[in-house]
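Enquirer: take this sequence and fold it.
(one chain, ligands or ions: 1)
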Amino acid sequence: MAPLTEQLKAPQPTPTPSRPAVRLTGLTRSFGARTVLDGVDLDIPAGQFVALLGHSGSGKSTLLRAVAGLDHDTAGSGELSTPERVSVVFQDSRLLPWRRVLDNVLLGTPKRDAEGRDAAGRGRAALAEVGLAGRENAWPGQLSGGEQQRAALARSLVREPELLLADEPFGALDALTRIRMHTLLRELWQRHHPSVLLVTHDVDEAAVLADRVLVLDHGRIAVDLTVDLPHPRSYRDPRLGEYRERLLAALGVRPDGEPAGGN
Ligand SMILES: Nc1ncnc2c1ncn2[C@@H]1O[C@H](COP(=O)(O)OP(=O)(O)OP(=O)(O)O)[C@@H](O)[C@H]1O
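Expert: Numbering: from 1, shown residues only. Below you'll find the model as predicted:
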């Protein structure tokens, strides 16, 4: 792994592909009589980091599950195109407690990839990238919550995803661990350049990480905001504060912190 200073000096990702990595056209999903997604159109260019905000129950996870292809039993219509290699990270790490950390990371990965590279070596490298070198033989129960999420990120990395889907991956972590995980996720994204769709409740998390923040409301993308700030971003940057204010307003939060009627 390159030293941190080198990674920070690395050029910013500036993907300009002709075809988007993800394309949703008229995506509709319903549960019984309730329409949760009501004709969502969305293109995500390769390498773009997109955060998805919205009130609880607005359909963020439903959208992410649809993109992940994890909703075959859900009624819906529309067209969806995604890259071949997609990884998903959830709020809980979903590590199998009876398998050691490295075995968890390698779960479902062939022993050798198409280029003949050894999976165990790639698993070790991925664990080192997320700061878990030396913990390969630990049991998941011996890791902290933050370390378990690091292992989950390593598991997603091993698949070399073109698209990383993350559903509130840091939602269960304490504030300081969450900030460290933001740094880690940004570094991994800058190094590997997958497209990212991150579902979050955290306006700061969205603004500090994403190129683009979407707000889902009444089954549609109500706001599509480009965050035009270089990486790495600081929580203390007043420009980030401006984006935060705009996103809070988009979510209907008044400057006094009260929700403005809600939806
Ligand atoms: N399997 C299901 N069966 C029935 N209703 C569902 C199912 N999954 C989700 N829903 C409903 O769809 C709506 C959207 O749920 P979803 O989990 O996508 O929202 P969300 O924006 O991710 O919410 P949160 O931020 O609270 O996680 C909710 O009203 C939820 O109750």
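Enquirer: up against the ligand, what does the chain have?
Expert: The chain has residues 31, 36, 54, 56-62, 201 near the ligand, with proximity defined as CB under 6 Å from any ligand atom. The way it works is simple: take the backbone N, C-alpha and C, and place the C-beta from them, glycine included.
Enquirer: need phi/psi at residue 58.
Expert: Backbone torsions of residue 58, given as degrees, to the nearest 10, read phi -80, psi -10.
Enquirer: if I look at it, how far off is residue 213?
Expert: 14 Å (CB to CB, to the nearest Å).
Enquirer: which of these two has more neighbours?
Expert: Neighbours of residue 58 and residue 213, each counted by other CB atoms under 10 Å, are more numerous for residue 213; the result is 26 against 22.
Enquirer: that one pairs with what?
Expert: Partner residues in beta bridges with residue 213, using DSSP bridges, are residue 51, residue 225.
Enquirer: my guess is it contacts residue 205. True?
Expert: No - with the criterion set as CB atoms under 8 Å, residue 213 and residue 205 do not qualify as a contacting pair; they are 10.0 Å apart.
Enquirer: who touches both of the two?
Expert: Here residue 213 and residue 205 have residue 51 as joint contacts, going by CB atoms under 8 Å, 6 or more residues apart in numbering.
Enquirer: ok, residue 155 - contacts?
Expert: Neighbouring residues of residue 155 by CB under 8 Å, 6+ apart: 87, 95, 104-105, 107, 126.
Enquirer: check the closest residue to the ligand within the stretch 151-263 of the chain and give its pLDDT.
Expert: Ranked by CB to the nearest ligand atom, the top residue of the stretch 151-263 of the chain for proximity to the ligand is residue 201, at 6.0 Å. With respect to pLDDT, residue 201 scores 93.
Enquirer: tell me the SS of residue 241?
Expert: Assigned state for residue 241: helix (three-state reduction, DSSP: H, G, I helix; E, B strand; the rest coil).
Enquirer: tell me the confidence at it?
Expert: Looking at residue 241, its pLDDT reads 93.
Enquirer: swap in the one 10 residues further on?
Expert: The predicted local confidence for residue 251 comes out at a pLDDT of 93.
Enquirer: repeat that for the one 5 residues further on.
Expert: The score at residue 256 is 72. That number is its pLDDT.
Enquirer: that one: how many residues sit nearby?
Expert: Counted with other CB under 10 Å, the burial measure for residue 256 works out to 6 neighbours.
Enquirer: run through who's touching the helix or strand hosting residue 197.
Expert: Using DSSP states H and E, residue 197 sits in strand 195-199. Contact with strand 195-199 is made by 21-22, 44-52, 60-61, 63-64, 67, 83, 162-169, 185, 189, 205-206, 209-210, as judged by CB under 8 Å, 6+ apart.
Enquirer: doesn't residue 30 make contact with residue 76?
Expert: Yes - here residue 76 lies in contact with residue 30, judged by CB under 8 Å, at a distance of 6.4 Å.
Enquirer: can you list residues touching both of these two?
Expert: Counting by CB under 8 Å, 6+ apart, nothing touches both residue 76 and residue 30.
Enquirer: now stretch 152-165: average pLDDT?
Expert: Model confidence over stretch 152-165, given as mean pLDDT, is 94.
Enquirer: buried stuff in it?
Expert: Taking 16 or more other CB atoms under 10 Å as the neighbour-count basis, stretch 152-165 is seen to contain the buried residues 152-159, 161-165.
Enquirer: of the residues you listed, which pair is most distant in space?
Expert: The span of the buried residues of stretch 152-165, defined through CB to CB, is set by 152 and 162 at 18.3 Å.
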